[in-house]
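Participant: fold the following and give me the result.
(2 chains)
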Amino acid sequence: MCNESWACLIEERIPSQKGAGEALQSRLLEELEALHWVDPDIFGIRLAFEEAIVNAIKHGNGHDEQKWVRVVCKLSNERIRIEITDEGPGFELDGVPDPTGEEQLQVPNGRGIMLMRAFMCRVEYNEAGNRVVMEKQRGASSDD
Amino acid sequence: MAVNRRLNVSEVGDVTVVHFVDRKILDEANIQELGQELFELVEQQGKQNLLLNFSTVEFLSSAALGKLITLDKKVKSHSGRLKFSNIRPEIYEVFKITKLNKLFDIQEDEAGAIAAFAL
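Facilitator: This is a model prediction of the structure:
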């Protein structure tokens, strides 16, 4: 992905508190609308962002208010890139069970990553598991 | 009697119909409160036929799905029935992706859902 021209850059760090990402999410939605993104893309980006932020705050940083979540969003008319980094030890991605399996279907949690992958074109974790990069092309499905 | 801040509750015959006050069900603090109010309907008020009308809901996260799963278990453990109605296409897609459309009884509209309780 060379020579990418981004129209908007959002770079913030948020505390590891419940609801801390809400203002940033609102700002992200405003910027997407200003760049003429529409539903269902906005819905999907919003959901993926929410899930990733909650994962970083809750599972990554364990709601430790001494730890921060760094968020970098790059937006253009056609593409969005979101990078979310927590200060936790990371996790084993392979250890996350399939939430649609018979044994997991009635488990109340564990669907965040699945939803991120369903609505974004690319979801990648670093080796440690404490940084996720998500990307989406306007109008493209997660299978594209 | 419980004071509901997240729910608007009404009775249609023997069906308890619930509308959500919040358009977006994602903030974890709100979800906690929402869950408590839903659980109280079943566990303390003994409501057995529960219909959740999602017409005002524009957005929900996986945390909300978790509360709904727990609610479903509580309703079933009290020999009750739970149905959903008026779910927007984008949100129904979330239920489909997670295969929770197989777990929950999702009806198209409130009238149809209320009628389904009589079956």
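Participant: quick one: contacts for the most centrally placed residue in chain B?
Facilitator: The geometric centre of chain B, computed from its C-alpha atoms, lies nearest to residue B:52 (C-alpha atoms, centre = their mean), at 3.5 Å. Residue B:52 is in contact with B:18, B:20, B:38, B:68, B:82-85, counting by C-beta atoms under 8 Å, 6 or more residues apart in numbering or on different chains. C-betas here are computed from N, CA, C, even on glycine.
Participant: SS state for it?
Facilitator: Using DSSP: H, G, I helix; E, B strand; the rest coil, the secondary structure recorded for residue B:52 is strand.
Participant: show me what it is bridged to.
Facilitator: residue B:18, residue B:84 (DSSP bridges).
Participant: and it, how far from residue B:19?
Facilitator: Taking C-beta to C-beta, to the nearest Å as the measure, residue B:52 and residue B:19 are separated by 8 Å.
Participant: not counting sequence-adjacent ones, nearest residue to the residue of chain B found nearest chain A?
Facilitator: Distances between chain B and chain A by C-beta to the nearest C-beta are smallest at residue B:66, namely 3.4 Å. Nearest residue to residue B:66, sequence neighbours excluded (C-beta to C-beta, 6 or more residues apart in numbering or on different chains): residue A:108, at 3.4 Å.
Participant: contacts only, for that neighbour.
Facilitator: Applying C-beta under 8 Å, 6+ apart, the residues contacting residue A:108 are B:65-67, B:69-70.
Participant: in three-state terms, how would it be classified?
Facilitator: coil.
Participant: flag every residue of chain A that's near chain B.
Facilitator: A:18-19, A:22, A:39-40, A:43, A:46-47, A:50-51, A:54, A:58, A:99-100, A:105-109, A:111-112, A:114-115, A:118 (C-beta under 8 Å from any C-beta of the partner chain).
Participant: relative to residue B:72, how far out is the residue lying closest to residue B:73 once chain neighbours are set aside?
Facilitator: Spatial nearest neighbour of residue B:73, chain neighbours left out: residue A:106 (6.9 Å); criterion: C-beta to C-beta, 6+ apart. Distance, residue A:106 to residue B:72, by C-beta to C-beta: 8 Å.
Participant: the more surrounded of these two?
Facilitator: residue B:72 (20 against 12; other C-beta atoms under 10 Å in any protein chain shown).
Participant: what about the closest residue to residue A:41 other than its chain neighbours, how many neighbours?
Facilitator: Leaving aside its sequence neighbours, residue A:41 sits nearest to residue A:138 (C-beta to C-beta, 6+ apart; 5.9 Å). Neighbour count of residue A:138, defined by other C-beta under 10 Å: 17.
Participant: same question, residue B:69
Facilitator: Using other C-beta under 10 Å, the number of residues around residue B:69 comes to 20.
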